[in-house]
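# Pasted the sequence and its predicted model underneath.
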Amino acid sequence: MFQPVNIALIGAGNRASTVYAPLWDDLRQWLRPVAVCDPVKAHADDYADHLDVPAFTSLRELAKAQIAEAALIVAPVELHHPIACYLMDHGIHCHSETSMCSLLAQANEMVASAAKNKVILRIAENFFRFPFDRIAKKIIDSGFLGPVHRITSFHDHTGYHNDSRWIKLLDAYPETVQAIY
């Protein structure tokens, strides 16, 4: 029988509260939250209370507790590299939201750390978890609109996120991309 992965949530700010908070009940068949870690004690405490798990304000203390098999990193992008490398050096698998990090050298170091420590490093797109993207997917899958040949995004930014939307929503890859700033 499959056992859910014991996972620590790293970062209890806006994205954790708006994107992940509503999803935890649906994720529990795969993920068992065991801790929340955020340097802002009030954020860590509030989110940990929501999940009924211990709160940490220190990655060192979290790693020392040895309660997480994996970590979901939902912190600011500039922290993905140091957080992931530290946790992977302590044998903790890491799933980080996009963007992976700020520099190619940091990305290479993260990949090398995962290989050296024999852990999994995963970088995931987050936009398809937003309610409007989930609704769009249901509408597209229903066939109501007919074939979809173009995705235009006015409500947020362009770039690889929109390519990811195309891949997720239409199970295909864009042929051309245009961005106007």
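Nice, thanks for sending it over. Numbers count the residues shown, from 1 in each chain.

# CA-only coordinates of stretch 116-135 in PDB, if you can.
Only the C-alpha atoms of stretch 116-135 are listed here, as PDB (Å, rounded to 0.1, in the frame of the first residue of the first chain):
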ATOM      1  CA  LYS A 116      25.700  14.000  -4.800                       C
ATOM      2  CA  ASN A 117      23.100  13.400  -2.000                       C
ATOM      3  CA  LYS A 118      21.000  10.900  -4.100                       C
ATOM      4  CA  VAL A 119      17.800  12.900  -3.600                       C
ATOM      5  CA  ILE A 120      15.200  14.200  -6.000                       C
ATOM      6  CA  LEU A 121      15.100  17.800  -7.000                       C
ATOM      7  CA  ARG A 122      12.000  18.800  -8.900                       C
ATOM      8  CA  ILE A 123      11.000  22.200 -10.200                       C
ATOM      9  CA  ALA A 124       7.300  22.700 -10.900                       C
ATOM     10  CA  GLU A 125       5.100  25.100 -12.700                       C
ATOM     11  CA  ASN A 126       2.400  26.600 -10.500                       C
ATOM     12  CA  PHE A 127       0.000  28.400 -12.700                       C
ATOM     13  CA  PHE A 128      -2.100  25.500 -13.800                       C
ATOM     14  CA  ARG A 129      -3.100  25.200 -10.100                       C
ATOM     15  CA  PHE A 130      -4.800  28.600 -10.100                       C
ATOM     16  CA  PRO A 131      -8.600  28.400 -10.100                       C
ATOM     17  CA  PHE A 132      -9.000  30.200 -13.500                       C
ATOM     18  CA  ASP A 133      -6.600  27.800 -15.100                       C
ATOM     19  CA  ARG A 134      -8.400  24.800 -13.700                       C
ATOM     20  CA  ILE A 135     -11.700  26.200 -15.000                       C
END
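
# separation between Met100 and His50?
Relative to His50, Met100 is positioned 27 Å away (C-beta to C-beta, to the nearest Å). No exception for glycine: its C-beta is placed from N, CA and C like everyone else's.

# what about the two, which has more around it?
Under the neighbour definition other C-beta atoms under 10 Å, Met100 and His50 were set side by side, and Met100 has more, 20 against 15.

# And the pLDDT for the residue nearest the centre of the chain?
Nearest to the mean C-alpha position of the chain, by C-alpha atoms, centre = their mean, lies Glu97 at 3.2 Å. On pLDDT, Glu97 comes in at 85.
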